[in-house]
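**Student:** no letters, just coordinates:
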């Protein structure tokens, strides 16, 4: 059965304190790995898609990387506005369904 | 990316009633999806809705409880029937952008509270 596990469940950071979120997955036939940001009471906002091991993508203070077993979302010098839940999801080659991890709640304190 | 709207944004319903949620997209898309996000949890796929065919339901979700319509390429509805407090969740529709390699974009969600 496909599994996506995110760690840690929650992360408290001081403004400017860089850190990484982990998304480990077991899925046959990975087609893509996706990162989303979700603010309270809102739908997930698309951040990145990664397709193959070794791929990296960046957006402002966020950088996502992918290996054959896991993905990392690095937050560099975070600001309070980076506070959100970050969701990881995978998409299989055999279908279009997204399987989500449990998410990491990030709180950045000024 | 596609712009997705949902109605209503939130509702409070009584046990035993039903709620129909609308999802409208600003462009034609083949694949539309309905997810449920229970309080404090991540997203779980309810069903996939393709225009012109019956919706495909995930394990644990049945058509009698979650009937779905997909009358055209820009619109879908999800009905949550015979409501119980356990149905209190956020319901989200998403679409797969055909031009952007399997990326899914989400609507703002509908927050349902069942009393």
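**Tutor:** Happy to help now that I have it. The shown structure was predicted, so the numbers you read here are calculated from the model rather than taken from an experiment.

**Student:** quick one: what helix or strand has residue 78 in it?
**Tutor:** I went with chain A, as the question did not name one. For residue A:78, there is no helix or strand it lies in under DSSP states H and E.

**Student:** nope, chain B please
**Tutor:** Per DSSP H and E, residue B:78 falls inside strand B:75-80.

**Student:** what about that strand, distance to the chain center?
**Tutor:** 6 Å (C-alpha atoms, centre = their mean, to the nearest Å).

**Student:** each with direction, which strands does that strand pair with?
**Tutor:** Applying DSSP bridges, strand B:75-80 is found paired with strand B:19-25 (antiparallel), strand B:68-72 (antiparallel).

**Student:** next SSE downstream of it?
**Tutor:** Going down the chain from strand B:75-80, the next helix or strand is strand B:89-96, by DSSP H and E.

**Student:** contact partners of that next one?
**Tutor:** With contacts defined as C-beta atoms under 8 Å, 6 or more residues apart in numbering or on different chains, strand B:89-96 is touched by A:43-44, A:96, A:98, B:2, B:4, B:6, B:21, B:23, B:25, B:29-39, B:43, B:46, B:76, B:78, B:80, B:102-107, B:109-112. C-beta here means a position set from N, CA and C on the backbone, and glycine is covered the same way.

**Student:** so which of the residues you listed are in strands?
**Tutor:** A:98, B:4, B:6, B:21, B:23, B:25, B:31-37, B:43, B:46, B:76, B:78, B:80, B:104-106, B:110-112 (DSSP state E).

**Student:** re the thing from before, for ChimeraX, what selects the buried ones among the contacts of strand B:89-96?
**Tutor:** Per 16 or more other C-beta atoms under 10 Å in any protein chain shown, the buried members of these correspond to this ChimeraX selection:
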select /A:43,44,96,98 /B:2,4,6,21,23,25,29,31,32,33,34,35,36,37,43,46,76,78,80,102,103,104,105,106,107,109,110,111,112
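
**Student:** what sits closest to the residue of chain A found nearest chain B if chain neighbours are left out?
**Tutor:** Nearest residue of chain A to chain B: residue A:43, at 3.8 Å (C-beta to the nearest C-beta). Nearest non-adjacent residue to residue A:43, counting by C-beta to C-beta, 6 or more residues apart in numbering or on different chains: residue B:106, 3.8 Å away.

**Student:** all set, thanks.
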